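Visitor: Provided below for reference: sequence and predicted model.
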Amino acid sequence: MVAQRTASARIRLLLGGNMNIGDLVQYRYYGDDGNHGWGVVTSINRVEPDRPFFFVRWICDTNQYGKKLHDTWYHPARLEVVCK
């Protein structure tokens, strides 16, 4: 039973968890808690369920290192929901 719940949690994470259109997100670097831009999810790729990508339009489009973040499709592993 525990293994089933764990597998379900992994599937939800791979599919973007509870990420929805309109959510405020931040780009995420592994092992780093800095300021990485702020954006809004404007579209969800529902055509290919195996490839859960979210289109993000950046409000603050430069991270703390001066790198520009482009309005494009991102995998949910690279996004962190800040506010729904």
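Guide: The structure has been received and is ready for your questions. Numbering: from 1, shown residues only.

Visitor: C-alpha from now on. contacts and neighbour counts both.
Guide: Will do.

Visitor: need the strands for the chain, in chain order.
Guide: Applying DSSP state E to the chain gives strands spanning 24-27, 38-44, 54-60, 72-74, 79-83.

Visitor: With just CA atoms, put the third one into PDB.
Guide: Extracted in PDB, the C-alpha atoms of strand 54-60 (Å, rounded to 0.1, in the frame of the first residue of the first chain):
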ATOM      1  CA  PHE A  54       4.200  24.400 -19.000                       C
ATOM      2  CA  PHE A  55       4.500  27.700 -21.000                       C
ATOM      3  CA  VAL A  56       5.800  30.500 -18.700                       C
ATOM      4  CA  ARG A  57       5.600  34.200 -19.500                       C
ATOM      5  CA  TRP A  58       8.200  35.900 -17.200                       C
ATOM      6  CA  ILE A  59       7.300  39.100 -15.300                       C
ATOM      7  CA  CYS A  60      10.700  39.500 -13.800                       C
END
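
Visitor: I'd like to know which elements it is packed against.
Guide: Counting contacts by 3 or more CA pairs under 8 Å, 6 or more residues apart in numbering; DSSP states H and E, strand 54-60 packs against strand 38-44, strand 72-74.

Visitor: most packed of those strands?
Guide: Burial of these is given as mean neighbour count (mean count of other CA atoms under 10 Å); strand 38-44 ranks first at a mean of 20.

Visitor: Any chance of the helices and strands packed on strand 54-60 in TSV with mean pLDDT and distance to D61 as columns?
Guide: Formatted as TSV, the helices and strands packed on strand 54-60 follow (pLDDT from 0 to 100; distance: least, CA to CA, whole Å):
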stretch	mean pLDDT	distance to D61
strand 38-44	93	7
strand 72-74	91	12
